[in-house]
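>>> Quick one: sequence plus predicted model below, questions after.
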Amino acid sequence: MLLYVLRRVLATIPVILGVTIVTFLLMHLTAGSYVPGLDLNPYLRPEDVARLRANLGLDRPLYTQYLEWIWGISHGDFGRSMQNASPVIGLILDRLPNTLELSGTAMLVGIALSIPLGVTAALRRGTRLDDAITFVSVAGFAVPQFWMALILILIFTVSFKAWGLPWLPSSGTVSALGGGDLVDRLIHLVMPASVLSFVYVSIWSRFVRSSMLEVLAQDYVRTARAKGMKESRVVYIHALRNAVVPLVTLVGLELPGLISSGLVVEVVFGWPGIGRLLYERALEFDYTAVMGVTTFATLLVITGNLLADVMYGVLDPRIRKSMKSR
Amino acid sequence: MLVPGPGIDHLNDLLRSNEPQRKAKTHWAESWDRLLERRLGILAGGVILLFSAIALLAPILSQFVTHYDPTQQDLANVFAAPGRSHWLGTDELGRDTLTRLVFGARVSIGVAGLTVAMALTVGTGVGLLAGFSGGWVDDVLMRIVDMLLAIPAIFLFILMSILLRPNPITMAGIIAFVAWGSVSRLVRSEVLSVKDREFVNATRSIGASDLRLVVRHILPNVLPILLVAASLGVGQVILIEAALDYLGLGIQPPVASWGNMLTNSQIYIYHSFWLVIVPGVAIFLTVLAANVFGNAVRDASDPRLR
């Protein structure tokens, strides 16, 4: 068992190195060690520019810079922003709670809606209701998130305001004036979380539906019915429990996406999260910050995958065996 | 095979007469028949064809139907509401929305087609190579795919868009750069599942070369799954491309794309709602049609997958 875990951990090291090298090279190709403002300042002579760049260590060979950077990361230091020299890890930690608040809520809403929708569709298989739920889920795959966000703003902010109804705020996490209490935060969360959860609902409700249909066709369900058990008990206690187990895996697969999946939604709704941080810094060529954020998110994905693999290995000895034979 | 002999001939004739003169249908012909049975799928395919035709004929349509040029400004007539002279209104520079929509179809559908072609070509090549050779080649290739898929895709798209300042072709390259990874995983697992079947061993035993084995015998077994990946991929790529355009990182104005038409519309949402609605509906319908068609193709090519 310990050997298996060790093997998995060791296997991620080349992946981590590869990913950091790719990110590092991409950023250096893009920005070429660009320092914001240096070339625009008329009072700087070329030798001053060279000196400043040397102070930042940008005149050294790429591999030295890379090694130093990766050494810092292994110690939890994700470098400093090129823009204002603030530590990137600080920027990330500032924004992380907002992102987790948004994507976490979206995921919970997704789970809370997709289970009843999927079960209903399965129980009413072939009816209009089933078709309607299917359509919602198909639409969820096809609608651009940023456009759905705009449409919600058009309805619940612009139109509601025009009609004199209570309207929803279209950007930020709290109201600028006198906001910040729980209700205010929740009101700001409604639209972004709805948009983000729509995709989850459309994927997971399909899944719950087919898994429920599968379970309902099994012998033990027939036995339960034959015993004269109440239908609601058969469906909601006996069948549902088994139908939902595979959903756990599916939800788990989405967890690493918590950081990045909301990027577009964060931008539209001015939500100060990790995604918007990356977007803004990328537009401003703050490449050290972009490198740091990307690496941070990637490391979380890799860690998540690693944990999942280890968990599967713990739960299912067959997987451990197959790893050994590889 | 029945052995010829007295009585057996008769039986053979009987068997033959019972069997109407029907040629054995190939997998493709059967799939095609099943596809035609799915009305919704056919309708979706029709929508895709129609939109593609509109994209191809955009210059002709703008000249004879909408009578505007996609970049022609009319500053005296900005934010015109949909009406007789501008069916879908005008934008902040007085440009005709319908004309820009028609030209935007070229970007969306063109980029999607190109991306899927690139991703499938590279992904299939890598998947075949990895699955067929196995060993360290497989290990190295799959670790590369692992790396690629570990970096959040949207982050990679943003980094590369800033690096490349995309036109439609580089845009396709950017998305394909990430998308081939999952295609190669798909192809690899399919190759692994057919690699040790009897027909492969039989073909090898009569002296077929590796190349022939892969191209003539393994690839055809992978094709159905590729077809499905292609038709479902088109929709996904359109969504990604539109989002990047919307973020201002993709195709730049004055070239019209459905995504960049929406970028500015957000500012004018308080008075010109049609600018927000129209391009989104176009994206939604195209992606919906591509997905429905893709699902129909999947069901038709392999009814077990339903």
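Yes, it's here.
>>> which intervals of the stretch 51-200 of chain A have sub-threshold pLDDT?
A:178-180 (pLDDT under 70).
>>> How about the residues of it by chain B?
A:138-139, A:141-147, A:150-151, A:153-154, A:158 (Cβ under 8 Å from any Cβ of the partner chain). No exception for glycine: its C-beta is placed from N, CA and C like everyone else's.
>>> mind redoing it with 7 Å?
A:138-139, A:141-144, A:146-147, A:150-151, A:153-154, A:158 (Cβ under 7 Å from any Cβ of the partner chain).
>>> Show me which pair in those is furthest apart.
The span of these, defined through Cβ to Cβ, is set by A:V138 and A:V158 at 27.7 Å.
>>> in the stretch 101-250 of chain B, which spans are helices?
Along the stretch 101-250 of chain B, counting by DSSP state H, counting those that start in this stretch, helices occupy B:135-150, B:153-164, B:168-195, B:198-205, B:210-212, B:219-246.
>>> any chance of the ones you listed in a markdown table, with mean neighbour count and mean pLDDT too?
Shown next, in a markdown table, are the helices of the stretch 101-250 of chain B (neighbours: other Cβ atoms under 10 Å in any protein chain shown; pLDDT from 0 to 100):
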| stretch | mean neighbour count | mean pLDDT |
| --- | --- | --- |
| helix B:135-150 | 16 | 87 |
| helix B:153-164 | 21 | 85 |
| helix B:168-195 | 21 | 90 |
| helix B:198-205 | 12 | 85 |
| helix B:210-212 | 10 | 84 |
| helix B:219-246 | 22 | 88 |
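>>> Any chance of TSV for these, columns distance to chain A?
Shown next, in TSV, are the helices of the stretch 101-250 of chain B (distance: least, Cβ to the nearest Cβ, whole Å):
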stretch	distance to chain A
helix B:135-150	4
helix B:153-164	4
helix B:168-195	11
helix B:198-205	22
helix B:210-212	23
helix B:219-246	5
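>>> Could you dump these into TSV and include distance to A:V251?
Shown next, in TSV, are those (distance: least, Cβ to Cβ, whole Å):
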stretch	distance to A:V251
helix B:135-150	19
helix B:153-164	19
helix B:168-195	20
helix B:198-205	38
helix B:210-212	42
helix B:219-246	21
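>>> Nearest residue to the middle of chain B?
B:V234 (2.8 Å; Cα atoms, centre = their mean).
>>> Quick one: residues contacting the residue most central in space within chain A.
Note on chain A: the residue nearest the mean C-alpha position is A:L258, at 2.3 Å, using Cα atoms, centre = their mean. Contact analysis of A:L258 by Cβ atoms under 7 Å, 6 or more residues apart in numbering or on different chains lists A:L100, A:S103, A:G104.
>>> what do you get for B:G110?
B:A55, B:P168.
>>> Can you tell me how far it is from B:I175?
Counting by Cβ to Cβ, to the nearest Å, the separation of B:G110 from B:I175 is 12 Å.
>>> Ok, A:I133 next?
Counting by Cβ to Cβ, the gap from A:I133 to B:I175 is 31 Å.
>>> For residue 42, grab the count of nearby residues.
Assuming you mean chain A. 4 (other Cβ atoms under 10 Å in any protein chain shown).
>>> Please refer instead to chain B.
When neighbours are counted by other Cβ under 10 Å, B:I42 comes out with 15.
>>> Grab the nearest non-local neighbour of it.
Spatial nearest neighbour of B:I42, excluding adjacent residues (Cβ to Cβ, 6 or more residues apart in numbering or on different chains): B:L36 at 6.6 Å.
>>> so how far is A:V221 from A:S210?
A:S210 is 15 Å from A:V221, by Cβ to Cβ.
>>> so who does the closest residue in space to A:M107 that isn't next to it in sequence touch?
Nearest in space to A:M107, with sequence neighbours left out and distances taken as Cβ to Cβ, 6+ apart, is A:Y200 at 6.1 Å. For A:Y200, the contacting residues are A:A106, A:M107, A:G110, A:S114, by Cβ under 7 Å, 6+ apart.
>>> hmm, which two among those residues are most spread apart?
So for the contacts of A:Y200, where distance means Cβ to Cβ, the most widely separated pair is A:A106 and A:S114, at 11.8 Å.
>>> what sits up against stretch A:66-77?
Counting by Cβ under 7 Å, 6+ apart, A:T20, A:I21, A:F24, A:G79, A:I89, A:T295 sit against stretch A:66-77.
>>> Now that we have these, which of them are buried?
A:T20, A:F24, A:G79, A:I89, A:T295 (16 or more other Cβ atoms under 10 Å in any protein chain shown).
>>> Turn those into a markdown table, columns for secondary structure.
Formatted as a markdown table, those follow (DSSP: H, G, I helix; E, B strand; the rest coil):
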| residue | secondary structure |
| --- | --- |
| A:T20 | helix |
| A:F24 | helix |
| A:G79 | coil |
| A:I89 | helix |
| A:T295 | helix |
